[in-house]
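**Student:** Need coordinates for the following:
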Amino acid sequence: MTNRTPRTEEFMDRAIDAHGDAVFRLALNQLRNATDAQDAVQETFVRLLTSETRFENKTHLRAWLLRVAINICHDMHKSAWNRRVDRLEDDQHADARDSRRSASAEEIALRTLKDHPVWNALADLPEDQRLVIHLAYIEDRSSDEIAQLLGIKPATVRTRLFRARTRLREILGETGNAIALARPPCAPSVSRGNAASHGPPTH
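**Tutor:** Next up is the predicted model:
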């Protein structure tokens, strides 16, 4: 079937510039691995390239991208067990390479992020709770907007947020209460220089 709404290179560049960071942050929050997150970003924008959806505005496009990224991350979680051994080996090799060369600014930022107590606490949350926390605090979405993105009831969103906040307090302890209720740390930005590395192919 022929794509009735071909995406121009200009359209794709603008979409990556405007929303690439948001998609990467969401994917990193869900997958907890930068390499997997980059793969999810690439697949998200490839789907945008081939989609026939007509977008009303930037808000509509961003919501569409986040919804696609959420589905991709969910699918990647299903296959995570099959890739776990290979990923562990890859991480070991990456650590060895990192020890032999200077780290880039993005790598340093990523390491700092992983050392943040809230980032580590989020890893102990179930996938669905981690997702609503991200959408509420990083994307600044309302319960109704999150419900629409996830295809669930607003009441379900509020329940998951309550449980996630409660669990974060338990993990962080009394001294971490203020941190748990503040915005979780943001992931490193996707720079214009490396956007092409995870962006869609161009014609």
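**Student:** going forward, measure contacts between C-alpha atoms and count neighbours the same way
**Tutor:** Noted.
**Student:** What residues sit buried inside the longest helix along the chain?
**Tutor:** As assigned by DSSP state H, the longest helix anywhere in the chain is helix 9-31. By 16 or more other CA atoms under 10 Å, the buried positions in helix 9-31 come out as 12-13, 15-16, 19-31.
**Student:** same check, this time on stretch 64-83
**Tutor:** For stretch 64-83, by 16+ other CA under 10 Å, it's 64-70, 72-74, 76.
**Student:** could these be laid out in CSV, adding distance to residue 147, pLDDT and secondary structure?
**Tutor:** CSV is the format used below for the buried residues of stretch 64-83 (distance: CA to CA, whole Å; pLDDT from 0 to 100; DSSP: H, G, I helix; E, B strand; the rest coil):
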residue, distance to residue 147, pLDDT, secondary structure
64, 14, 97, helix
65, 16, 97, helix
66, 13, 97, helix
67, 11, 97, helix
68, 15, 97, helix
69, 16, 97, helix
70, 13, 96, helix
72, 18, 96, helix
73, 18, 95, helix
74, 16, 92, helix
76, 22, 91, helix
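**Student:** Closest to residue 45 out of those?
**Tutor:** Of all the buried residues of stretch 64-83, residue 65 has the smallest distance to residue 45: 7.8 Å, by CA to CA.
**Student:** Wait, the closest one touches residue 23, no?
**Tutor:** Yes - between residue 65 and residue 23 there is a contact under CA atoms under 8 Å: 7.1 Å.
**Student:** Show me the shaky parts of the protein.
**Tutor:** Within the chain, the stretches with pLDDT under 70 are 1-5, 80-115, 174-203.
**Student:** For it, which segments are assigned as helices?
**Tutor:** Counting by DSSP H, the helices of the chain are 9-31, 34-50, 58-78, 80-98, 105-115, 117-122, 127-137, 143-150, 154-172, 177-181, 192-198.
**Student:** and this protein, what are its domains?
**Tutor:** What automatic domain parsing lists as the domains of the chain is 7-78, 104-188.
**Student:** okay, those, which one's buried deepest?
**Tutor:** Ranked by mean neighbour count, those are led by domain 7-78 with a mean of 18 (mean count of other CA atoms under 10 Å).
**Student:** could I have stretch 122-131 exported to PDB, CA atoms only?
**Tutor:** The C-alpha trace of stretch 122-131 is given here as PDB (Å, rounded to 0.1, in the frame of the first residue of the first chain):
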ATOM      1  CA  LEU A 122      12.700   3.900  39.900                       C
ATOM      2  CA  ALA A 123      14.300   0.700  38.800                       C
ATOM      3  CA  ASP A 124      12.600  -1.100  41.600                       C
ATOM      4  CA  LEU A 125       9.100   0.000  40.500                       C
ATOM      5  CA  PRO A 126       6.900  -2.100  38.200                       C
ATOM      6  CA  GLU A 127       7.000  -1.100  34.500                       C
ATOM      7  CA  ASP A 128       3.500   0.400  34.600                       C
ATOM      8  CA  GLN A 129       4.200   2.500  37.700                       C
ATOM      9  CA  ARG A 130       7.500   3.700  36.400                       C
ATOM     10  CA  LEU A 131       5.800   4.800  33.200                       C
END
